[in-house]
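Colleague: here's my sequence, what's the structure:
(4 chains)
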Number of protein chains: 2
Amino acid sequence: MNAEFENVCHTMKFEAVTIKDIAKALGLSTSTVSRALRDSYEISPETKKLVLECAEKLNYRPNPVALSLKERKTRSIGVVVCEIANSFFSQIINGIESVAYDRGYNVIISQSHESYDREVVDLQFLSSRGVDGVLVSVSTETSDYEHISNLHSKGLPIVLFDRIAPGINTHTIIIDNFKGSYEATEHLIHNGYKKIAALCPSEFLSISSERLAGYKEALGANDLKVNNDYIKHCFYGGMVFSEIEEAINQLMTLKDPPEAIVTLSDKLTLGALKTFKRRGLKIPDDIALVGFSNADIAEITDPALTFVRQPAFEMGKAATELLLQLIESKRPVTEFEKRILSPEFIVMESGNSRS
Amino acid sequence: MNAEFENVCHTMKFEAVTIKDIAKALGLSTSTVSRALRDSYEISPETKKLVLECAEKLNYRPNPVALSLKERKTRSIGVVVCEIANSFFSQIINGIESVAYDRGYNVIISQSHESYDREVVDLQFLSSRGVDGVLVSVSTETSDYEHISNLHSKGLPIVLFDRIAPGINTHTIIIDNFKGSYEATEHLIHNGYKKIAALCPSEFLSISSERLAGYKEALGANDLKVNNDYIKHCFYGGMVFSEIEEAINQLMTLKDPPEAIVTLSDKLTLGALKTFKRRGLKIPDDIALVGFSNADIAEITDPALTFVRQPAFEMGKAATELLLQLIESKRPVTEFEKRILSPEFIVMESGNSRS
DNA sequence: TTCTTTTGTGCAAACGTTTGCAGGTATCAG
DNA sequence: CTGATACCTGCAAACGTTTGCACAAAAGAA
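Modeller: Purely as a prediction, here's the structure:
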């Protein structure tokens, strides 16, 4: 009595109903059915009604793969980030997904894990899987951008965000890194600190040099000298905790150690907090701290963290909008936008004056 | 002089080279080329060599969409979670991506944002986009599971993880929620606390009842009575901060307020920490706290947080392995596995005895 | 009646692959 | 010289759609 159920249960494949099934059921041709479904003017109202009803009854869903093949687009976009499990990037992906969802696009994620080789493979994989465009934030190790510019010159729409690659003529979207670190540094200066160190991500990264420039400029604008001993780079930017511990150790054992520190990325901020705690250093009395952070931690540290928050969700949204605009544009786009989002500076207590 | 470059720049589409191009270039038929590429025994070594070289030269990449159409599978899997920007879930996605990457599958992410309606749409969208299978963790609002069982009975491979749906006969993978909260509660008891409250996610969620059972059992096993005033549910489990604040307010204004609290999810733990800080409550002297957490915060709170850590990455990996096994199985699978991962209990300071 | 127009429908090609079948050409044995 | 046996290659169908073109029938105009 339950032949259909049996059938369903023994076929692994989820046998979808096609336009052919409708055509057969109605004694029409597939073309008529197709036209009826797309409400073409060539089809009589009665036929349309019939087809629509039948499609409804059979629960017809157009096969997206067949459409992709025909139209040569997949309605999916690829994303390459260093790491998903990182507040900043997961918030970005949230933004990406929100726009993509509204516009009917799939989001395909891949991670470089800060490896150049992996980034190359990821990008190759995504493009070979036929995504309509990609959103890229380069890895720490990346200093050669040919894998990106190659795809770009082949016509694959690309939007670069946050960590951008120089020399690629396309839309980019970043935050005002200079401003973020300038404000952070200035805040410390205004609270009376003069010996301020900076903990930076890899020197290769665009964000790193921009943030470092903001730090230096803030010192200069307040008649403070830049001391190179106070500038430490962590190549893997915190993926490797020991890197941070080591850098802070070096700072704190200088004959003239800093009284304050600005940490120029999410992971570095977290790592610094952890290191201070392990070494029993009190904030801000032993060392003041202001850092970039998108994790939801400001209010749970003691004292509460003064930090630079990046508009990650907005960045993801904006990047996706730019990408879809590129993808859906009828004519080649030659004018590219360089959008700059403003970071938020949130004053709590960790950068306050010493008591 | 630069016709090719011009051409590339004025075509939006990224014109891929096909098997036909190779066939034309070599004066062969597409079938011969196809066979040569797949190293068929029917093709002479010389022809193969020729074809391979030509493919290499032209940088041929098989079109995955055409393959999908032919083989009726897309080599992509869908994931439905409540939220990406949540440490626990982003770690899970990391695990999913790691396995999928190794096996050549794409991962397509979607978020329910804890909404039942959105979950239904997401699942519908993924299945209509032809994913080969889906990984699902249900939303807080979900109490009717028909949208999932419908797809499942149509033959779509599904694996449920963490927040599982009852009554669906497929692989499931969860952590030992009972054990996690039992240990957390017992730790507080062993440190001398008797008045212990529990802050739980929505009652609908499988994880919620399991964790609550662990809490109750630990109390019972130590001759403590369960006090229903001490049990608070946050329906949106922390998506709405005020919910947590409100619940804690209610607890702390009881005539006999608790001395300790166990928070039974990541977000609840974070929210509780924040609330205590805002109200100036000192841990553990004013109130002790032990909670579930996968965020990297244990070592930066003051005092350091004693917590239950879920093996999220492993869960993502295991779920994906089970799903791919289902997808790639030749014959229908009828025996399903219910895998249970063990949480880690990490003792720091926030649940210690009062000084 | 005959010629045009309108209306409704179907054929077949195309998107890029794979593959069963048939056909071709050597090579070899008898 | 003939028949069998390799070995190599191509035709065409199929996967599910869309769409240019052709065709048929009916209606309107002359």
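Colleague: and A:Ser110, that one's in a helix?
Modeller: No. The assignment for A:Ser110 (DSSP: H, G, I helix; E, B strand; the rest coil) gives strand, which keeps it out of a helix.
Colleague: contacts only, for it.
Modeller: Neighbouring residues of A:Ser110 by C-beta atoms under 8 Å, 6 or more residues apart in numbering or on different chains: A:Gly78, A:Val79, A:Val80, A:Asp122, A:Phe125, A:Leu126, B:Glu97, B:Tyr101, B:Val107. Yep, even glycine has a C-beta here, placed from its N, CA and C like the rest.
Colleague: if you set the cut-off to 6 Å instead, what comes out?
Modeller: A:Val80, A:Asp122 (C-beta atoms under 6 Å, 6 or more residues apart in numbering or on different chains).
Colleague: got it, and A:Ile43?
Modeller: Contact partners of A:Ile43, counting by C-beta under 6 Å, 6+ apart, are A:Arg35, A:Ala36.
Colleague: do A:Ile231 as well
Modeller: A:Ala198.
Colleague: make it 8 Å
Modeller: Per C-beta under 8 Å, 6+ apart, neighbours of A:Ile231: A:Ala197, A:Ala198, A:Cys200, A:Leu212.
Colleague: how about the residues you listed, which pair is most distant?
Modeller: A:Ala197 and A:Leu212 (11.7 Å; C-beta to C-beta).
Colleague: identify the bridge partners of A:Thr301.
Modeller: Taking DSSP bridges as the rule, A:Thr301 bridges to B:Thr301.
Colleague: so A:Arg339: helix, strand or coil?
Modeller: Quick answer, by three-state DSSP: A:Arg339 is strand.
Colleague: neighbours of it, just the number please.
Modeller: A count of neighbours around A:Arg339, defined by other C-beta atoms under 10 Å in any protein chain shown, yields 16.
Colleague: now do the same for it: its pLDDT.
Modeller: Among the per-residue scores, A:Arg339 holds a pLDDT of 97.
Colleague: ok, so what distance separates it from A:Ile174?
Modeller: From A:Arg339 across to A:Ile174, the span is 8 Å (C-beta to C-beta, to the nearest Å).
Colleague: re earlier: of the contacts of A:Ile231 - the most surrounded one?
Modeller: Top of the contacts of A:Ile231 by neighbour count (other C-beta under 10 Å): A:Ala198, with 26 neighbours.
Colleague: so it touches A:Asn228, yeah?
Modeller: No. At 10.4 Å, A:Ala198 does not count as touching A:Asn228 under the criterion of C-beta atoms under 8 Å.
Colleague: verify the stated contact: A:Arg35 with A:Ser44.
Modeller: No. Counting by C-beta under 8 Å, A:Arg35 stays clear of A:Ser44, with 10.6 Å between them.
Colleague: between these two, point out the one with more neighbours.
Modeller: It is A:Arg35, of A:Arg35 and A:Ser44, that has more neighbours when counted by other C-beta under 10 Å, with 18 against 10.
Colleague: list the contacts of that one.
Modeller: By C-beta under 8 Å, 6+ apart, the residues touching A:Arg35 are A:Glu42, A:Ile43.
Colleague: distance check, it against B:Ala36.
Modeller: In terms of C-beta to C-beta, A:Arg35 sits 40 Å off from B:Ala36.
Colleague: now A:Asp102
Modeller: Going from A:Asp102 to B:Ala36 by C-beta to C-beta gives 45 Å.
Colleague: which of those two has more neighbours?
Modeller: A direct count of neighbours by other C-beta under 10 Å for A:Asp102 and B:Ala36 places B:Ala36 higher, at 25 against 11.
Colleague: pLDDT at the more buried one, what is it?
Modeller: 90.
Colleague: which residue is the nearest non-sequential neighbour of it?
Modeller: B:Val51 (3.8 Å; C-beta to C-beta, 6 or more residues apart in numbering or on different chains).
Colleague: for chain A, what are the low-confidence residue spans?
Modeller: Filtered on pLDDT under 70, chain A yields the residue ranges A:1-15.
Colleague: all strands of it, in order?
Modeller: A:76-81, A:106-111, A:133-136, A:158-161, A:172-175, A:196-200, A:231-233, A:260-263, A:288-292, A:306-309, A:338-341, A:344-346 (DSSP state E).
Colleague: select, out of those, the one closest to B:Leu28.
Modeller: Among these, strand A:76-81 comes nearest to B:Leu28, with 32.8 Å by C-beta to C-beta.
Colleague: now do that closest one: everything it contacts.
Modeller: Here strand A:76-81 has contacts from A:89, A:92-93, A:96, A:100, A:105-112, A:119, A:122-123, A:126-127, A:129-137, A:320, A:323-324, A:327, B:108, using C-beta under 8 Å, 6+ apart.
Colleague: now it against strand B:76-81, angle please.
Modeller: Computed by axes from the mean of the first three to the mean of the last three C-alpha atoms, to 10 degrees, the angle separating strand A:76-81 from strand B:76-81 equals 70 degrees.
Colleague: how about the residue nearest to B:Ala36, what does it touch?
Modeller: By C-beta under 8 Å, 6+ apart, the contact set of B:Val51 is B:Ile22, B:Leu26, B:Leu28, B:Thr32, B:Val33, B:Ala36, B:Leu37, B:Ile43.
Colleague: now tabulate those in CSV and tack on distance to DNA strand C.
Modeller: Below are the contacts of B:Val51 laid out as CSV (distance: C-beta to the nearest atom of the strand, whole Å):
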residue, distance to DNA strand C
B:Ile22, 8
B:Leu26, 14
B:Leu28, 11
B:Thr32, 8
B:Val33, 7
B:Ala36, 9
B:Leu37, 6
B:Ile43, 10
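Colleague: of those residues, list those near DNA strand D.
Modeller: Residues shared between the contacts of B:Val51 and the neighbourhood of DNA strand D are B:Leu28, B:Thr32, B:Ile43 [C-beta under 7 Å from any atom of the strand].
Colleague: closest one to A:Arg278 out of the residues you listed, please.
Modeller: B:Ile43 (64.3 Å).
Colleague: hang on, the earlier thing: are any of the contacts of B:Val51 buried, and which?
Modeller: Buried members of the contacts of B:Val51, counted by 16 or more other C-beta atoms under 10 Å in any protein chain shown: B:Ile22, B:Leu26, B:Leu28, B:Thr32, B:Val33, B:Ala36, B:Leu37, B:Ile43.
Colleague: returning to that earlier point: distance check, the residue nearest to B:Ala36 against B:Tyr60.
Modeller: Counting by C-beta to C-beta, the gap from B:Val51 to B:Tyr60 is 9 Å.
Colleague: overlap in contacts, these two.
Modeller: Listed as contacting both B:Val51 and B:Tyr60 by C-beta under 8 Å, 6+ apart are B:Ile22, B:Leu37.
Colleague: count of residues packed around A:Ser206?
Modeller: So A:Ser206, with other C-beta under 10 Å, has 18 neighbours.
Colleague: list the residues that contact the closest residue to DNA strand C within the stretch 251-355 of chain A.
Modeller: With C-beta to the nearest atom of the strand as the measure, A:Ile327 is the residue of the stretch 251-355 of chain A nearest to DNA strand C, at 17.9 Å. The contact partners of A:Ile327, by C-beta under 8 Å, 6+ apart, come to A:Lys73, A:Ile77, A:Asp132, A:Gly133, A:Pro157.
Colleague: those residues, buried ones only, as a PyMOL selection?
Modeller: Command for PyMOL that selects the buried part of the contacts of A:Ile327, burial taken from 16+ other C-beta under 10 Å:
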select buried, chain A and resi 73+77+132+133+157
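Colleague: got a markdown table for the contacts of A:Ile327, with distance to B:Ser153 too?
Modeller: Formatted as a markdown table, these follow (distance: C-beta to C-beta, whole Å):
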| residue | distance to B:Ser153 |
| --- | --- |
| A:Lys73 | 32 |
| A:Ile77 | 32 |
| A:Asp132 | 33 |
| A:Gly133 | 36 |
| A:Pro157 | 39 |
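Colleague: closest one to B:Leu305 out of the contacts of A:Ile327, please.
Modeller: A:Ile77 (37.9 Å).
Colleague: name the nearest residue to A:Gly104, ignoring sequence neighbours.
Modeller: In space, A:Gly104 is closest to A:Arg75, 6.1 Å off (C-beta to C-beta, 6+ apart).
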